[in-house]
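>>> the sequence and its predicted three-dimensional model are supplied below.
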Amino acid sequence: MQQSDQSGSVAIDMALEDVNDIISNKIGNGHVHQSNQRVSNYNLPCGVVSLDSTEHSIDYQIYTIKYGDQTPCGYSRKSGTVLFNLVHGARYNEVGARFTIEFKKYKVEVLATGDIVEVNGVLHVTNYTGGYIWEAVTSSKTIEHKIRGTLQVLYLNGKERTRNLFQSRTWASSNGWSGLNFMLAGDTIISGKKIVETGRTYEGNHQYQTEALTPLQWFNCGSGFAGPYRLQKGEFRMHLELPAVDPSCFNVEAGYKWDIENVGVDPVKVNDCNANAYKISIKLGELSMTEYQLY
């Protein structure tokens, strides 16, 4: 089994989707004086065994998502807890509302490979535009969240790596649910580059900065809210700090169709619902190479 930096990214994104799903379904309002009966009727996200709320301060509630590893969720199994609570504003859907997401021994295991990662740390989220995510469809709103924070990703072999997130996450729709799309972009300028993430690599423990050359964009390839959603566009570049190696970077470009049954035929850039692969361009000093990887 070979773990990679992508293992941590997938685990983090799963938890963020669960938090957004709960908030978008108006489970509580974050304020202790604004109870919501939807909690008792809500179907919890896959892998979640309970959702509890406790009074955090005189004004705010803290919500605890508990995962149970006895129940598989698709191709994975989850455990640990993720907590979130409003820290500014009266409701999560207000313009400028801020909330925190705390990971406590949150683990994701891929059943087919035994790949396990554990995530700990805190993210700070600002609802920059206001609104619930579903309002991108029902009210033709553009919903943007800005995310900052530091997470520790622990891998199966005991390696622990730091990740610092500087992200803009945007939801919009051009045509109801079928037109819903999601965009992930960098949100901090460092040395003239729009950075989405910094940290250290799984292999080699090298410092890196991930630059968003163009945002990654997912589009609904179905007719309803369930999708499926397909990554169709975008290109990120990871700049590595390698001793005496310049340049040292990896470009990852989405939107290619790879027919793995036709050996020897290069993938084609399609940028549509047929996309299933990244093009990875590697430059390490005088060495240049290109390879492809399925989503």
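All right, it came through fine.

>>> could you point out the longest helix in this protein?
Selection of the longest helix in the chain by residue count, based on DSSP state H, yields helix 5-24.

>>> all helices for the stretch 1-150 of the chain, in order.
5-24, 38-41, 135-138 (DSSP state H, counting those that start in this stretch).

>>> may I see the buried residues of the first one?
By neighbour count with 16 or more other CB atoms under 10 Å, helix 5-24 contains the buried residues 5, 7-8, 11-12, 14-16, 18-24. Using the backbone N, CA and C atoms, a C-beta is placed for each residue, glycine as well.

>>> now do the last one
For helix 135-138, a neighbour-count test (16+ other CB under 10 Å) marks 135, 136, 137 as buried.

>>> turn those residues into JSON lines, including distance to residue 183 and pLDDT.
Shown next, in JSON lines, are the buried residues of helix 135-138 (distance: CB to CB, whole Å; pLDDT from 0 to 100):
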{"residue": "135", "distance to residue 183": "16", "pLDDT": "95"}
{"residue": "136", "distance to residue 183": "11", "pLDDT": "95"}
{"residue": "137", "distance to residue 183": "15", "pLDDT": "94"}
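
>>> same list, those, but as CSV with distance to residue 108 please.
Converted to CSV, these look like this (distance: CB to CB, whole Å):
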residue, distance to residue 108
135, 29
136, 27
137, 28
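
>>> can you tell me which of those is nearest residue 290?
residue 136 (35.4 Å; CB to CB).

>>> so what touches stretch 287-294?
256, 258, 260, 266, 267, 276, 277, 278, 279, 280, 281, 282 (CB atoms under 8 Å, 6 or more residues apart in numbering).

>>> can you list contacts of the longest helix of the chain?
Here helix 5-24 has contacts from 42, 45, 47-48, 51, 63, 65, 76, 78, 82, 84, 92, 99, 101, 103, 106-108, 110, 115, 117, 119, 123, 132-134, 147, 151, 153, 155, 161, 163, 169, 201-202, using CB under 8 Å, 6+ apart.
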